[in-house]
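S.K.: the sequence and its predicted three-dimensional model are supplied below.
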Amino acid sequence: MAPPMATSEQQAIWRAMCALSKAQGSFELRLIGAIVSGTEGARHAVYRYLDFLIRERIIEVVGVRPNAVRSGTYRVINYGEAPPVRNIPIGTVMRQQAVWTALRNLRAASSWEVTCTASTEIMTVSIETAENYLRGLREAGYLHARRPDHFQLLASHNTGPRAPIIHRATRRCFDLNLMRAVNVNRLRVARPS
């Protein structure tokens, strides 16, 4: 089995969130911080991970205490492996999401066609951004290269609306729709029990 993509700190935070959500139906942030570690650095790591998980619609806010920052009640809505935080600017994340959405709509296209479809009046996707993301998806086994610059999304890999996270350093991919890691070198990744 391949090593997890999330850091050990993220894995500890994720395990605590999942355990409390399953046992109690929800969790409070202060309790997660206390379980993981009481240090100031650990609290900030919990905050960063929480923000990422909310933005990716993996957890949701179920209650908020008035006049208190990050003191609400949360619930995990997508269980699976601990998702790794995207270590790229939010603008790049949005552009990758646009490329993924365009590709799902087109099913087969050149990188130029994907770029044109993904770009809007508000956000432009560069050909380099599209090509880099398409290359990562192809290496992860999501795409078939019909010609050197023409890709087809494999029906079995059209997993849902959320763009998979490509992590080039580990040559792996995390599919937010499946909530599991996918090896970019196409080795089978065991599913969590």
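M.R.: All right, it came through fine. Numbering: from 1, shown residues only.

S.K.: only C-alpha atoms for contact and neighbour calcs from this point on.
M.R.: Noted.

S.K.: now A16: which helix or strand?
M.R.: For A16, the host element (DSSP states H and E) is helix 8-24.

S.K.: what is the helix or strand of the chain with the lowest mean pLDDT packed up against?
M.R.: Here the helix or strand of the chain ranked lowest by mean pLDDT, DSSP states H and E is helix 29-36, holding a mean of 80. Here helix 29-36 touches helix 8-24, helix 40-55, going by 3 or more C-alpha pairs under 8 Å, 6 or more residues apart in numbering; DSSP states H and E.

S.K.: could you measure from N105 over to L143?
M.R.: 14 Å (C-alpha to C-alpha, to the nearest Å).

S.K.: neighbour count winner among those two?
M.R.: L143 (24 against 13; other C-alpha atoms under 10 Å).

S.K.: the strands in the chain, which residues?
M.R.: Listed from the start of the chain, the chain has strands (DSSP state E) covering 27-28, 59-63, 73-76, 108-110, 143-147, 150-153, 165-167, 172-175, 180-183.

S.K.: for L50, which of those is the nearest?
M.R.: Comparison of the strands of the chain against L50 by C-alpha to C-alpha identifies strand 59-63 as nearest, at 8.1 Å.

S.K.: report the inter-axis angle for that closest one versus helix 8-24.
M.R.: Orientation check (axes from the mean of the first three to the mean of the last three C-alpha atoms, to 10 degrees): strand 59-63 against helix 8-24 gives 50 degrees.

S.K.: lowest-confidence stretch among the helices and strands packed on helix 29-36?
M.R.: With a mean of 84, helix 40-55 has the lowest mean pLDDT of the helices and strands packed on helix 29-36.

S.K.: any idea how far the least confident helix or strand of the chain is from the middle of the chain?
M.R.: Put simply, helix 29-36 sits 23 Å off its chain's centre (C-alpha atoms, centre = their mean, to the nearest Å).
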